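[1] turn this into a structure:
(chains A and B)
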Amino acid sequence: GAVVSQHPSWVICKSGTSVKIECRSLDFQATTMFWYRQFPKQSLMLMATSNEGSKATYEQGVEKDKFLINHASLTLSTLTVTSAHPEDSSFYICSARTLAGEREQYFGPGTRLTVT
Amino acid sequence: SQQGEEDPQALSIQEGENATMNCSYKTSINNLQWYRQNSGRGLVHLILIRSNEREKHSGRLRVTLDTSKKSSSLLITASRAADTASYFCATDDYGRGSTLGRLYFGRGTQLTVWP
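    Next up, the predicted model:
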């Protein structure tokens, strides 16, 4: 149980285009989903917290207009990287939490984004 | 912002040896978690230790927590080649009065276990 999927697993796009990444909880309802980015050999940096039906909470320094997050249902959150540039190339990972107050988060397998 | 700092950054050992990784954090915590990440993959939750616990075991894993020193350690006993991965500690922000439960990760330790 508690499986989180991401789609696509990898994507290559041209500079200036937008890319959407999906995060789904497959066998549970996720009240909260989180989005992280990870550069090679570095740690995960939290980008934003997404609650179903409400606006995402972005971490300091993360551009909300560039990284659009939509959490339309209890099983799906999407991250759209708008007008992508090569510096946005990174590994994007989502996680989901089952209940408010639950400590453990369940992580997706990640999406490798390369912007050329 | 990052919360924890792990050391060492990289650890290379032979199969059968024990691996110890340390993590330090900066603020008050309700609990501390350890995660594992295989190269280019998502994270797998290993163990959670609460702030009122000093030690916890799970299989070959042993985690200690010293809240006075704001530090934790993860010990993997009798390591195997399959244990090769990056290990991260993480704290959440419940201990700082937030209800979001955001996780903040340390830099991680890259463990390589040679057969």
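[2] give me the contacts around the helix or strand hosting residue B:73.
    Assigning secondary structure by DSSP states H and E places residue B:73 in strand B:71-76. Applying Cβ atoms under 8 Å, 6 or more residues apart in numbering or on different chains, the contact partners of strand B:71-76 are B:18-25, B:32, B:34, B:46-47, B:49, B:60-66, B:83, B:87, B:89, B:111. (Glycine included, C-beta is placed from N, CA and C.)
[3] which of the residues you listed count as buried?
    A residue is treated as buried here by neighbour count (16 or more other Cβ atoms under 10 Å in any protein chain shown); on that basis the buried members of the contacts of strand B:71-76 are B:19, B:21-25, B:32, B:34, B:46-47, B:49, B:61-65, B:83, B:87, B:89, B:111.
[4] just those: which are in strands?
    The subset of the buried ones among the contacts of strand B:71-76 located in strands under the criterion DSSP state E comprises B:19, B:21-24, B:32, B:34, B:46-47, B:49, B:61-65, B:87, B:89, B:111.
[5] touching, residue B:63 and residue B:35? I think so.
    No. Checked against Cβ atoms under 8 Å, the pair residue B:63 and residue B:35 is beyond contact range at 11.9 Å.
[6] quick one: is stretch B:29-39 near chain A?
    Yes. Using Cβ under 8 Å from any Cβ of the partner chain, stretch B:29-39 comes into contact with chain A via B:30-31, B:33, B:35.
[7] chain center to that stretch, what's the gap?
    5 Å (Cα atoms, centre = their mean, to the nearest Å).
[8] excluding its backbone neighbours, what's nearest residue A:30?
    Setting aside the residues directly before and after it, residue A:30 is nearest to residue A:96 in space (Cβ to Cβ, 6 or more residues apart in numbering or on different chains), at 3.6 Å.
[9] which SSE is that neighbour in?
    Under the criterion DSSP H and E, the helix or strand holding residue A:96 is strand A:90-97.
[10] touching chain B at all, the following helix or strand past that strand?
    Once strand A:90-97 ends, the next helix or strand along the chain (criterion: DSSP H and E) is strand A:106-107. Yes. Using Cβ under 8 Å from any Cβ, we find that strand A:106-107 touches chain B at A:106-107.
[11] what helices or strands is strand A:106-107 leaning on?
    Contacts defined by 3 or more Cβ pairs under 8 Å, 6 or more residues apart in numbering or on different chains; DSSP states H and E place strand A:106-107 against strand A:90-97, strand B:43-50.
[12] where along chain A do the strands fall?
    When assigned using DSSP E, the strands of chain A occupy the ranges A:4-7, A:10-13, A:19-25, A:32-38, A:44-51, A:57-58, A:67-73, A:76-81, A:90-97, A:106-107, A:111-115.
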